[in-house]
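Sequence and predicted structure are below.
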Amino acid sequence: MLFEQLQLIEPILKALGNEGYTTPTPIQEQSIPIVLGRRDLLGCAQTGTGKTAAFAIPILQILHEEKLAGNTHKGIKALILTPTRELAIQIDESFAAYGKYLNLKHLVIFGGVSQQPQTNALRNGVDILIATPGRLLDLVEQRYINLSQVQLFVLDEADRMLDMGFIHDVKKILTKMPQKKQTLFFSATMPTEIAKLSNTILDNPAKVEVTPVSSTAETIQQAMYFVEKENKRHLLIHLLKDKAIESALVFTRTKHGADKVVKDLLKAGVGAEAIHGNKSQNARQRALGNFKSGHTRVLVATDIAARGIDVDNLSHVINYELPNIPETYVHRIGRTGRAGASGIAFSFCDMEEKEFLRDIQKLITTSVPVVTDHPYAMSDVSLTGTYKSLPQRPVQRHYQNNDRRPSFRGGDSRRYSGNNSSSRNH
């Protein structure tokens with residue numbers, strides 16, 4: 001199917017053509033007609049499936065057609081609520097790209113920066129507001145924002161809202177909007193509390209489920225390296241000597257750990273920067289910009305970034321430390337191999353992380369192939385004694401550039417966001 005077959009208006013099709021998009025991803029193909037039909041939507045889709053375009057495109061079309069029909073009342077008509085400032089920025093960029101030829105005003109607001117430019121923009125009128133919960137509530141309480149005219153509401157990354165402690169804020173924001181509105185609810189997972197929340201705010205929703213979180217993309221080649229904790233930095237530097245690794249997103253569990261990895265890499269002559277919740281907004285955007293432009297080869301991140309970093313042609317994801325939540329592994333490695341492209345994910349596992357690995361493999365229902373031919377491998381005794389269920393076969397460590405094809409499909413393949421800490425100002 002092509003975007004032309006989704007009954008989209010010419011200005012949006014033209015904008016999509018400018019972005020190089022012709023074929024919708026599965027969630028876009030299923031969701032756009034539902035939203036244009038003015039139904040509530042419950043979408044369960046992991047990151048990288050193109051869900052931003054799945055709601056941004058039909059929202060732009062609905063508001064444009066209402067404006068043409070003479071519905072020109074002032075006030076915020078669409079609210080997109082998202083957990084982090086990076087994701088908010090990404091969504092705003094998407095609205096700018098897809099709505100390039102439409103006369104609709106959009107604005108992104110988030111904490112951690114001065115509110116004055118945001119309040120100045122609000123005074124000039126806004127049709128579409130993209131916001132994080134803390135800053136939105138702050139400006140509502142200061143009476144800079146009135147949500148009484150909202151017709152379309154999107155709750156994005158609902159499970160991440162729960163993880164970050166924002167659910168109370170979300171419920172408070174819901175009371176500020178009209179009860180009668182079209183609501184689009186997106187979540188990568190459906191824990192009990194999120195399912196209950198969706199039941200309370202959705203009215204007979206259509207359901208769209210694409211690529212359950214328990215699955216990893218078939219286009220991602222995975223490999224596991226068993227290594228003692230104290231040798232992880234040596235292994236990372238060893239792997240990065242391979243110039244075939246053009247760009248690498250490295251995940252650590254802690255902010256301090258991310259900074260330490262960057263320090264070790266810089267000492268070894270590898271260009272690297274860190275991105276995590278203790279970094280200022282400007283520092284985070286600068287680090288991301290350097291990584292996306294290729295100026296920085298390695299970006300080291302905590303799980304604030306697991307749901308959203310979206311970089312064209314990201315060749316490798318490296319789990320320097322395994323996550324203690326198995327779903328997070330899926331989200332992390334999903335930063336590569338996006339929208340049908342191929343990618344490579346390496347993971348380091350020390351003795352203390354064996355339970356994390358067991359949970360991950362139970363979730364994804366497969367054993368990750370093990371690399372044994374590296375200079376920092378654990379002894380055979382440790383491997384066979386601790387990981388009896390894992391395949392002890394070596395895999396090819398690196399892959400040729402022509403094994404990867406560009407990530408250039410669907411609505412989200414050139415955007416960025418990252419997850420944040422649970423500070424209200426975020």
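Yes, it's here. Only a predicted model underlies this, so the values are computations on that prediction, with no experimental measurement involved.

what residue ranges in this protein score low on pLDDT?
Across the chain, the ranges flagged by pLDDT under 70 are 46-48, 211-215, 277, 281, 304-309, 338-341, 380-426.

and the helix ranked longest in it, C-alpha only, in PDB?
What stands out as the longest helix in the chain, according to DSSP state H, is helix 51-68. C-alpha atoms of helix 51-68 as PDB (Å, rounded to 0.1, in the frame of the first residue of the first chain):
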ATOM      1  CA  LYS A  51       3.600   5.500  15.400                       C
ATOM      2  CA  THR A  52       4.300   9.300  15.500                       C
ATOM      3  CA  ALA A  53       3.300   9.600  11.900                       C
ATOM      4  CA  ALA A  54       0.400   7.300  12.600                       C
ATOM      5  CA  PHE A  55      -1.300  10.000  14.700                       C
ATOM      6  CA  ALA A  56       0.400  13.200  13.400                       C
ATOM      7  CA  ILE A  57      -0.700  12.800   9.800                       C
ATOM      8  CA  PRO A  58      -4.500  12.200  10.500                       C
ATOM      9  CA  ILE A  59      -4.600  14.900  13.200                       C
ATOM     10  CA  LEU A  60      -3.100  17.500  10.700                       C
ATOM     11  CA  GLN A  61      -5.700  16.400   8.100                       C
ATOM     12  CA  ILE A  62      -8.600  16.600  10.500                       C
ATOM     13  CA  LEU A  63      -7.700  20.100  11.800                       C
ATOM     14  CA  HIS A  64      -7.000  21.400   8.300                       C
ATOM     15  CA  GLU A  65     -10.400  20.200   7.000                       C
ATOM     16  CA  GLU A  66     -12.200  21.700  10.000                       C
ATOM     17  CA  LYS A  67     -10.500  25.000   9.300                       C
ATOM     18  CA  LEU A  68     -11.600  24.900   5.700                       C
END
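
Show me the helices in the stretch 151-300 of the chain, by range?
Using DSSP state H, counting those that start in this stretch, the helices of the stretch 151-300 of the chain run over 158-163, 167-174, 192-201, 232-240, 255-267, 281-293.

which of those sits most buried?
helix 158-163 (a mean of 23; mean count of other C-beta atoms under 10 Å). (Each C-beta comes from the backbone N, C-alpha and C, glycine too.)

thinking again about what came up before, in CSV: the helices of the stretch 151-300 of the chain, plus distance to Ala97.
As requested, those are exported to CSV (distance: least, C-beta to C-beta, whole Å):
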stretch, distance to Ala97
helix 158-163, 23
helix 167-174, 26
helix 192-201, 28
helix 232-240, 33
helix 255-267, 30
helix 281-293, 16
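
Report how many residues lie close to Leu36.
A count of nearby residues for Leu36, using other C-beta atoms under 10 Å, gives 17.

dump the residue contacts of it.
Applying C-beta atoms under 8 Å, 6 or more residues apart in numbering, we find Leu36 in contact with 6-7, 58, 61-62.
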